[in-house]
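> Got a predicted structure plus its sequence, pasted below:
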Amino acid sequence: MSGGVEWALHCCVALTSAEAPVPAARLAHLHDVSPTYLAKQLQALSRADLVRSVQGKAGGYILTRSPAQITVLDVVEAVDGPGPAFICTEIRQRGPLAVPAQSCTAPCVISRAMADAETAWRNALRTTSIADLARDVDADARSDISSWLNGAGA
């Protein structure tokens, strides 16, 4: 997974605490990340309809639906795409011990193991929501993101 997934997840969790749209620059400042880099992740979330941009003086980003209805997998797929994390290149068909293509009628053991692992992690991410993460962040964090986002950290 790309680093953008981490920043996108943090932004979605932060937005659960916001009482009003949060400007991208404020989210970047909160996470000490480049505003340009974060803008790419926010655009990906927007294209996936997970966040939307509100224009105007009090503009910024908001979640498009309840945090309980946005899964971690939704965010991963918004940022990194829905394709598989592992792509088999049929390396077994190369080199001095190459297996002939006509003998490769089923995926190799490595490809099968990676596909099983991917199915497992996708299922786990599908069952974890942004609301779940926000609840756990609140329990873990020693800072008050809500106060900071809603004016105290201005």
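Structure's in. What do you need?

> Measure how buried the closest residue in space to residue 127 that isn't next to it in sequence is and give me the count.
Spatial nearest neighbour of residue 127, excluding adjacent residues (C-beta to C-beta, 6 or more residues apart in numbering): residue 71 at 7.4 Å. No exception for glycine: its C-beta is placed from N, CA and C like everyone else's. If you count neighbours by other C-beta atoms under 10 Å, residue 71 ends up with 19.

> swap in residue 19?
The number of residues packed near residue 19 is 9, by other C-beta under 10 Å.

> Roughly how far does it sit from residue 149?
8 Å (C-beta to C-beta, to the nearest Å).

> same thing with residue 55?
If you measure residue 55 against residue 149 using C-beta to C-beta, the figure is 19 Å.

> Same drill for those two, tell me which one is more crowded.
More neighbours surround residue 149 than the other of residue 55 and residue 149, with 22 against 8 (other C-beta under 10 Å).

> separation between the closest residue to that one other than its chain neighbours and residue 54?
In space, residue 149 comes closest to residue 18 once its chain neighbours are excluded; the distance is 4.9 Å by C-beta to C-beta, 6+ apart. Distance of residue 18 to residue 54, given as C-beta to C-beta: 11 Å.
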